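> quick one, what's the 3D model for this:
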Amino acid sequence: MRYSSQDFEGISVRGRVAFSIHCLLKAIQDKGNLHKEEFYLLFEALKSYSSLELVDDWLYRTAEYIPGTLVATKDYSDEDFEFLDKHGFHELKKLYSKLDREVLLIIDTIFEMGTIELYGALSPPGRESLRCIDVLFGLLKKMEVEPVSIEPFRRFTYFSHDGYGGKFEMVLDY
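A predicted model of the protein is given here:
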């Protein structure tokens with residue numbers, strides 16, 4: 001399937017993030033060298049974006065789980081973690097040490113997509129999150145992974161809830 005960011009102009013930011021999370025799961029499955037269960041903590045944090053009332057709550061919760069934060073942190077006590085416990089910290093550090101650079105970048109890109117326009121005006125059609133979609137496609141191409149189908153995500157319209165879209169429960173099979 002060949003998509004471009006223009007295909008996502010009518011899809012809400014929550015829908016774009018959900019699409020990207022499903023692409024991350026597919027990339028992990030396609031590569032087959034890791035157990036999906038190892039990603040439980042990460043996926044639980046990422047998928048909460050779709051169901052939180054205020055998406056800015058996701059910024060603070062999820063920032064502690066992403067590679068951009070954890071890879072640079074040597075010890076749990078080096079940071080003042082509010083949401084991630086010590087066991088989770090060590091589990092994610094261990095997981096991230098086994099991942100290809102592209103997978104780590106996909107995770108960071110998903111986080112950026114969900115937060116990049118939080119504190120400014122979301123300029124229609126959410127140009128910054130669309131830029132993140134382009135980055136995602138580049139990473140998937142480099143990994144030789146096809147994106148998931150866009151069709152299930154078209155129902156999350158950009159034209160509701162100021163471009164972010166309404167809440168929904170995301171289901172992932174991991």
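
> need the contact partners of the helix or strand bottoming out on mean pLDDT in the chain.
Sorted by mean pLDDT, DSSP states H and E, the helices and strands of the chain end with helix 55-62, the least confident at a mean of 91. With Cβ atoms under 8 Å, 6 or more residues apart in numbering as the test, helix 55-62 has contacts from 13-14, 45-46, 48-49, 52, 82-83, 111, 114-115, 118-119, 164. Where you see a C-beta, it was placed from the backbone N, CA and C, and this is true even at glycine.

> pull out the buried residues from the residues you listed.
Listed as buried from the contacts of helix 55-62 are Val13, Arg14, Ala45, Leu46, Tyr49, Phe111, Gly114, Thr115, Tyr164; burial here means 16 or more other Cβ atoms under 10 Å.

> sorry, back to before: I'd like to know which elements the helix or strand following the least confident helix or strand of the chain is packed against.
The first helix or strand that comes after helix 55-62 along the chain, using DSSP states H and E, is helix 67-70. Counting contacts by 3 or more Cβ pairs under 8 Å, 6 or more residues apart in numbering; DSSP states H and E, helix 67-70 packs against helix 86-98, helix 101-115.

> hang on, the earlier thing: could you check the angle helix 101-115 makes with the least confident helix or strand of the chain?
Using axes from the mean of the first three to the mean of the last three Cα atoms, to 10 degrees, the direction of helix 55-62 lies 150 degrees away from that of helix 101-115.
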